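[1] Let me see the structure of the following:
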Amino acid sequence: MKYIYLFRWLTWPIRYFFSLIKRKLGKLDLLRVEVFVVLGNSSHLFVKGRVVEAYKQSRPSDRNTTLHNILATLRRYAGSSVPDAKVELTIGSQKKTLITDEEGVFEGLYELNGEVSKSIKAVQLSLLAEEGLKPEVASLTKDILRFENKYPRAIISDIDDTIIVSKATNIQEKFWLSVSKNAYTRRPFPGVSDLYSLLSADGDFPVFYVSSSDWNLFDLIQDFMNYRNIPLGPILLKDRHMNLRNIWKSGGGSHEHKVQKITFLMNFYPELNFVLIGDSGQHDPEIYAEIIGKFKHRVEAVYIRQVGAIDLSREKELNDLLPENKIAWVKNSTEAIDHAKTYLPL
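    Below is the predicted model of the structure:
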């Protein structure tokens with residue numbers, strides 16, 4: 001997706017001002033509020049989503065041709081996000097106003113009264129119809145996802161080259177996979193469904209996905225997981241690609257956002273201990289080393305799928321942080337399953 005990110009970065013000023021002009025002239029199409037996550041704990045609520053023009057996208061199929069998938073990708077990335085739009089968030093009797101950024105993304109973190117937080121099960125979101133903004137639907141309701149039980153563990157996982165074959169270390173191959181395949185023709189790594197089902201007790205334990213893919217791929221990732229029987233959970237993706245330093249790095253730029261998002265999850269759910277899953281193709285070992293440095297006693301195990309040649313210095317950095325039986329550098333899901341059965345309470 002690197003070249004798509006570059007295209008979006010280069011065309012961002014045009015798209016931004018074109019969206020503002022269309023808005024002033026009342027020429028925007030019907031607008032859609034897409035909600036990515038609504039998370040709750042005992043005291044706070046976190047919500048994230050975006051506002052885009054309501055493009056029509058046919059449901060993918062494993063019978064779609066390469067051309068059909070390429071056209072669907074272009075349609076996905078050509079959709080206009082809407083900056084400076086106001087979204088009203090209703091939390092019980094409270095109303096909050098969220099304003100979208102340059103990429104049409106909104107987010108909010110709100111402190112709630114303890115009793116109110118426990119009693120509210122869902123929130124409502126409505127696009128405020130002003131200056132020609134026309135919502136596709138008047139409002140939508142989303143359940144608040146909470147993890148209030150005493151779980152043996154939770155999982156935080158990467159996506160690209162961890163659960164889905166992405167060829168992230170080869171830009172040309174990654175680009176071709178991204179545009180020519182869909183959620184039903186992208187390939188998972190063998191045994192991934194079994195591994196994640198084992199670690200999460202068939203999805204009963206929380207699973208979070210943190211990736212450097214961008215929000216345009218949110219529905220594709222969800223469809224892929226559903227189709228491949230991989231436990232669903234909150235998905236946190238990369239917000240922006242508007243930094244040249246980020247654009248030119250493999251995989252779409254800096255991965256510092258993954259550190260920030262994992263840190264947010266660890267702080268938001270302080271009662272949970274985590275298993276971290278990633279691959280060595282990019283920065284997961286270094287990211288997880290940084291996380292262990294902050295939350296050492298809450299990381300129960302780390303699984304890194306080994307990509308390419310072994311780098312002993314990278315392995316040593318991570319291995320020195322936790323006991324030997326808590327770090328597993330594996331070639332495949334079978335090795336990870338064997339390790340989990342031996343060293344984790346299942």
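[2] only C-alpha atoms for contact and neighbour calcs from this point on.
    Will do.
[3] Contacts only, for the closest residue to Met266 other than its chain neighbours.
    Distances taken as C-alpha to C-alpha, 6 or more residues apart in numbering place Leu272 nearest to Met266, at 7.5 Å, with adjacent residues excluded. For Leu272, the contact set (C-alpha atoms under 8 Å, 6 or more residues apart in numbering) comprises Lys150, Tyr151, Arg153, Ala154, Met266, Arg298.
[4] Could I get the full set of helices for this structure?
    Taking DSSP state H as the test, the helices found in the chain are 2-24, 66-78, 114-119, 171-180, 192-199, 218-227, 244-247, 256-268, 284-295, 312-319, 333-343.
[5] For these, which has the smallest mean pLDDT value?
    By mean pLDDT, the lowest-scoring of the helices of the chain turns out to be helix 244-247, with a mean of 32.
[6] quick one: Tyr343 and Asn325 touch, right?
    Yes - the pair Tyr343 and Asn325 passes the contact test of C-alpha atoms under 8 Å, sitting 6.8 Å apart.
[7] Please list all residues in contact with the residue lying closest to Gln124 once chain neighbours are set aside.
    Distance criterion C-alpha to C-alpha, 6+ apart; nearest residue to Gln124, sequence neighbours excluded, is Thr141 at 4.4 Å. Taking C-alpha under 8 Å, 6+ apart, we find Thr141 in contact with Ala122, Val123, Gln124, Leu125.
[8] And for Lys261?
    Val210, Leu236.
[9] Relative to Asn149, how far out is it?
    22 Å (C-alpha to C-alpha, to the nearest Å).
[10] between Tyr343 and Asn325, who's got more neighbours?
    Just comparing Tyr343 and Asn325: by other C-alpha atoms under 10 Å the higher neighbour count belongs to Asn325, 15 against 12.
[11] confidence score at the more buried one?
    91.
[12] what do you get for Pro135?
    On the pLDDT scale, Pro135 gets 87.
[13] May I have the beta-bridge partners of the spatially closest residue to it that is not a sequence neighbour?
    Closest residue to Pro135 apart from its sequence neighbours, by C-alpha to C-alpha, 6+ apart: Leu31 at 4.7 Å. Beta bridges link Leu31 to Glu53, Pro135 when assigned by DSSP bridges.
[14] quick one, what contacts Leu31?
    Counting by C-alpha under 8 Å, 6+ apart, Leu31 has contacts Val51, Val52, Glu53, Ala54, Leu133, Lys134, Pro135, Glu136.
[15] try 7 Å
    Val51, Val52, Glu53, Ala54, Lys134, Pro135, Glu136 (C-alpha atoms under 7 Å, 6 or more residues apart in numbering).
[16] How about Ser193?
    Arg228, Asn229, Ile230.
[17] how close does the closest residue to the first one other than its chain neighbours sit to Ala309?
    Right, the one you point to is Arg228. Excluding the flanking residues, the one nearest Arg228 by C-alpha to C-alpha, 6+ apart is Ser193, at 6.9 Å. In this view, Ser193 and Ala309 are 26 Å apart by C-alpha to C-alpha.
[18] And Lys118, by the same measure?
    49 Å.
[19] Between the two, which is the more surrounded one?
    Higher neighbour count among Lys118 and Ala309: Lys118, with 15 against 8, using other C-alpha under 10 Å.
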